[in-house]
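Asker: what shape does this take:
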Amino acid sequence: MTTVVIGAGIIGVAVADALARRGADVIVLDMRAPGRGASQASAGILAPYTEAHEESPLLGLGTRSLNLFDEFIASTAAQSGRRIEYARSGTLEVALDDDDERRLRAASAWLDAAGVDHAWLDAAMLRSVVPAVTSEARGGLRVGSHGFVGVASLVSALAQSARRAGAVFMTPVEAIRIVPGGDQIEVRAGEQRYQADAVVVAAGSWSRRVRVEGVAELPVRPVRGQLLHFRWTAGAPPPCVVWGPRCYTVPWSDGALLVGATVEDVGFDESTTAEGVLKLTEAVVELLPGARSAAFVEARAGLRPATPDGLPAIGPLRSAPRVVMATGHYRNGILLAPLTAEVVANYVIDRKSDPVFEITSPDRLLV
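Answerer: Reported below is the predicted structural model:
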């Protein structure tokens, strides 16, 4: 079976790897090298209980995918032979005022009702666990099952694993049209034509530009997020992801500290800006005062693919079932990569329709 995967971000390479390792002949097309879109500006936080509220379908998707991560990382590292930065060291969400505290205590209550392991830390306990946090902190919510992954190392390992399993990456290639047929699908990229048994559209914010003949345009729009990279110098860095009202921070084992992220509706502009750097710098200094002396390394920007209802578009098109969408993950592409790869591969290889498609079907957006 020949499958063309359009897009080589985290979702595209995860899907390509899953398909290739199950015996499919995989061709990956992208305008850039693997991971050079939104993925390169992602902090890699794995935190479904922070990203999704208790009534959101996103919570179920995120927790299911998080439960796949340990095996996903171990298998990818073994297959690729590459080290992946990964830690399940938890997250700490910090309250800086009364409103923050009320919100986090309410979150603690529903986590308690749901049986999720967590802890509310008062101000003294918070400072003992994370001394770097501001003395103004009122308390914090710690969720031990959360963590983070180094996105660049993960994308690189997935791409290498896929190549070892036979996948071919072709760049720079911009796929612009998909023409479904009987047993074969044609993918057009300029003057190039690719024939496939199945096509997976994982082009992130550019998915809207990949037109499927006879199907309405998928409403995915880009939302810019800027991310800062510092090197921590003020003693011991935070031992886990620390989330404040205006930013989050991710500490790496080598002393790097990632700080994110802005949310900007600016179309396809991938620029970093002085305003974005200033806002995030002020926010991290408010949260972790020691960041004043941190060495600034760089700023990055990426375009997150957003859908109108905030849920990803994953699954086959009803009118073209050999065309499978895997896009619109917005801020949760890294978290949802293992689940997306699993359900897409199961469908493409075995025609097994996962219950998740009832929530994520792209057809819900084509109205």
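Asker: I'd assumed Leu58 was in contact with Leu311.
Answerer: Yes. Contact criterion Cβ atoms under 8 Å: Leu311 and Leu58 qualify, at 6.2 Å. (Each C-beta comes from the backbone N, C-alpha and C, glycine too.)
Asker: quick one: the strands in the stretch 51-200 of the chain, in order.
Answerer: 86-87, 91-95, 119-122, 139-143, 147-149, 168-170, 177-180, 185-189, 192-196, 198-201 (DSSP state E, counting those that start in this stretch).
Asker: those strands into a markdown table, with extra columns for distance to Ala341 and mean neighbour count?
Answerer: Formatted as a markdown table, the strands of the stretch 51-200 of the chain follow (distance: least, Cβ to Cβ, whole Å; neighbours: other Cβ atoms under 10 Å):
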| stretch | distance to Ala341 | mean neighbour count |
| --- | --- | --- |
| strand 86-87 | 16 | 20 |
| strand 91-95 | 24 | 25 |
| strand 119-122 | 32 | 16 |
| strand 139-143 | 24 | 24 |
| strand 147-149 | 14 | 24 |
| strand 168-170 | 16 | 16 |
| strand 177-180 | 20 | 18 |
| strand 185-189 | 20 | 19 |
| strand 192-196 | 18 | 15 |
| strand 198-201 | 10 | 28 |
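Asker: thinking again about what came up before, who has more neighbours, Leu311 and Leu58?
Answerer: Leu58 (24 against 20; other Cβ atoms under 10 Å).
Asker: contacts only, for the more buried one.
Answerer: Applying Cβ atoms under 8 Å, 6 or more residues apart in numbering to Leu58 gives the contacts Pro48, Glu51, Ala52, Gly310, Leu311, Asn332.
Asker: does the second one touch Tyr330 like I think?
Answerer: Looking back up the chat, that one is Glu51. No. In this structure Glu51 lies outside contact range of Tyr330 using Cβ under 8 Å: 9.5 Å.
Asker: report the buried residues of stretch 66-85.
Answerer: Going by neighbour count (16 or more other Cβ atoms under 10 Å), the buried part of stretch 66-85 is Leu66, Leu68, Phe69, Phe72, Ile73, Thr76, Ala77, Gln79, Ser80, Arg82, Ile84, Glu85.
Asker: export stretch 37-55 to PDB, keeping only CA atoms.
Answerer: Only the C-alpha atoms of stretch 37-55 are listed here, as PDB (Å, rounded to 0.1, in the frame of the first residue of the first chain):
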ATOM      1  CA  GLY A  37       6.800  24.800  10.800                       C
ATOM      2  CA  ALA A  38       4.900  25.200  14.100                       C
ATOM      3  CA  SER A  39       6.800  22.300  15.700                       C
ATOM      4  CA  GLN A  40      10.000  24.200  15.900                       C
ATOM      5  CA  ALA A  41       8.300  26.900  18.100                       C
ATOM      6  CA  SER A  42       6.600  24.400  20.400                       C
ATOM      7  CA  ALA A  43       7.600  23.900  24.100                       C
ATOM      8  CA  GLY A  44       6.400  20.300  24.000                       C
ATOM      9  CA  ILE A  45       4.300  20.500  27.200                       C
ATOM     10  CA  LEU A  46       2.200  17.400  27.900                       C
ATOM     11  CA  ALA A  47      -0.600  18.700  30.100                       C
ATOM     12  CA  PRO A  48      -4.100  17.700  29.200                       C
ATOM     13  CA  TYR A  49      -5.500  18.600  32.700                       C
ATOM     14  CA  THR A  50      -4.300  22.200  32.200                       C
ATOM     15  CA  GLU A  51      -5.100  22.600  28.500                       C
ATOM     16  CA  ALA A  52      -8.600  21.200  28.600                       C
ATOM     17  CA  HIS A  53     -11.500  21.900  31.000                       C
ATOM     18  CA  GLU A  54     -13.500  19.100  32.600                       C
ATOM     19  CA  GLU A  55     -16.400  19.200  30.000                       C
END
